[in-house]
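> can't give you the sequence, but here's the structure:
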């Protein structure tokens with residue numbers, strides 16, 4: 001059943017929370033309780049990601065070692081074609097699902113906590129423990145929404161990719177036509193551009209699904225339907241553009257953080273591995289690449305997710321209370 005205006009209002013302690021100013025004001029009122037919860041969640045996700053990364057390195061260690069021995073043998077024989085450790089990528093990719101699940105769980109916890117802060121009635125600010133008690137019941141539904149939304153977007157991308165490749169193979173059957181050549185439309189860049197419309201459309205349509213689940217307690221499928229209904233209206237366009245601008249700002253912040261602030265960790269991690277763990281430069285290089293990226297991702301997660309999720313919660317409250325009808 002679609003939430004009514006009154007049901008949306010009943011779940012907010014302040015009806016004006018459907019506007020950005022009061023929403024962020026409500027977030028500031030809970031400023032003592034939200035940072036510890038966000039920090040604790042990020043630390044737990046960091047520990048999970050570290051365990052997954054160490055496991056991936058352990059699985060890939062024999063391949064790292066073989067690649068290193070091949071390189072030393074090539075140097076002794078003055079062979080310029082050094083071995084490249086592409087074979088280590090397969091075990092390393094095993095850590096990706098764990099890292100994605102950890103990221104989704106962090107997003108679910110932070111989104112639920114921001115929703116509690118925005119919709120809390122005026123009064124004394126919540127303690128960190130009180131905020132967690134109100135947050136934890138929403139986390140499983142939110143996590144399920146993130147998983148379902150990601151699955152649908154990924155499925156759309158794979159279906160679009162299969163269609164593009166099939167169309168390219170059909171065109172390739174025509175004599176004298178090479179659609180997969182450098183001048184053809186089915187280059188890797190061209191196929192990536194062909195995947196964009198379906199994935200962007202679904203991602204935009206389901207943008208408010210987590211907020212719908214967090215605010216109104218909707219099940220994952222109902223939250224996706226509710227978001228799709230709200231985002232079809234013209235009133236959603238400014239909020240969508242704002243979300244994209246906020247996402248672009250966060251992406252730029254990640255890039256600048258990696259390039260300027262976290263980049264020194266590359267040489268520090270590399271030297272630490274070479275000095276204390278192994279002389280294998282492949283392992284050291286991999287650790288050096290991962291260290292600044294992981295640091296930047298964790299810092300930006302802690303800083304950027306609360307305002308982003310507050311924005312989406314305010315957008316849902318605004319559109320759900322009549323602005324999207």
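Nice, I can see it. The structure displayed is predicted, hence computed values, not measured ones. Numbers count the residues shown, from 1 in each chain.

> distance of residue 105 relative to residue 221?
For residue 105, the distance to residue 221 equals 20 Å [C-beta to C-beta, to the nearest Å]. Placement of C-beta: from N, CA and C, glycine included.

> okay, the two: which has more neighbours?
For residue 105 versus residue 221, the count of surrounding residues by other C-beta atoms under 10 Å is larger for residue 105: 19 against 12.

> now for that one: which residues touch it?
Contact analysis of residue 105 by C-beta atoms under 8 Å, 6 or more residues apart in numbering lists 41, 45, 139, 143.

> and it, which helix or strand is it part of?
Per DSSP states H and E, residue 105 falls inside helix 95-119.

> tell me the helix or strand right after that helix.
With elements assigned by DSSP H and E, the helix or strand that comes after helix 95-119 is helix 128-136.

> packing partners for that next one?
Judged by 3 or more C-beta pairs under 8 Å, 6 or more residues apart in numbering; DSSP states H and E, helix 128-136 is in contact with helix 34-76, helix 95-119.

> that one to helix 34-76, inter-axis angle?
Here helix 128-136 runs at an angle of 80 degrees relative to helix 34-76 (axes from the mean of the first three to the mean of the last three C-alpha atoms, to 10 degrees).

> buried set for helix 128-136?
Within helix 128-136, the residues scored as buried using 16 or more other C-beta atoms under 10 Å are 128, 131, 132, 134, 135.

> kindly report the same for stretch 209-229.
Here stretch 209-229 shows 209-216, 218, 220, 222-229 as buried, counting by 16+ other C-beta under 10 Å.

> end-to-end on it?
10 Å (C-alpha to C-alpha, to the nearest Å).

> related to what we said a few turns ago, farthest-separated two in the buried residues of helix 128-136?
Largest separation among the buried residues of helix 128-136 by C-beta to C-beta: 128 and 134, giving 11.2 Å.

> find the residues that touch each one of the two.
Common contacts of residue 128 and residue 134, defined by C-beta under 8 Å, 6+ apart, are absent altogether.

> coming back round to it: tell me the mean pLDDT for the helix holding residue 105?
The predicted model assigns helix 95-119 a mean pLDDT of 87.

> okay, the residue nearest to residue 94 when sequence neighbours are not counted: pLDDT?
Nearest non-adjacent residue to residue 94, counting by C-beta to C-beta, 6 or more residues apart in numbering: residue 56, 5.7 Å away. Looking at residue 56, its pLDDT is 83.

> do the same with the one 3 residues further on
Residue 59 carries a pLDDT value of 81.

> how many neighbouring residues does it have?
Applying other C-beta under 10 Å, we find 15 residues neighbouring residue 59.

> correct me, but it touches residue 94?
Yes. With contact defined as C-beta atoms under 8 Å, residue 59 counts as touching residue 94 (6.7 Å).

> please enumerate the helices of the stretch 101-250 of the chain.
128-136, 139-172, 188-205, 209-216, 220-231, 236-256 (DSSP state H, counting those that start in this stretch).

> and for the residue nearest the centre of the chain, nearest residue in space, chain neighbours not counted?
Residue closest to the mean C-alpha point of the chain, counted by C-alpha atoms, centre = their mean, is residue 103 at 6.2 Å. Closest residue to residue 103 apart from its sequence neighbours, by C-beta to C-beta, 6+ apart: residue 45 at 6.9 Å.

> residue contacts, that neighbour?
With C-beta under 8 Å, 6+ apart, residue 45 has these contacts: 102, 103, 105, 106, 298, 301.

> name the element the fifth one belongs to?
Here residue 298, judged by DSSP H and E, is contained in helix 281-318.

> now do the buried residues in that helix.
281-288, 290-292, 294-302, 304-318.

> show me what it is packed up against.
By 3+ C-beta pairs under 8 Å, 6+ apart, helix 281-318 packs against helix 20-29, helix 34-76, helix 95-119, helix 209-216, helix 236-256, helix 264-276.

> can I get the ones you listed in a markdown table including distance to residue 201?
Converted to a markdown table, the helices and strands packed on helix 281-318 look like this (distance: least, C-beta to C-beta, whole Å):
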| stretch | distance to residue 201 |
| --- | --- |
| helix 20-29 | 26 |
| helix 34-76 | 29 |
| helix 95-119 | 21 |
| helix 209-216 | 14 |
| helix 236-256 | 11 |
| helix 264-276 | 37 |
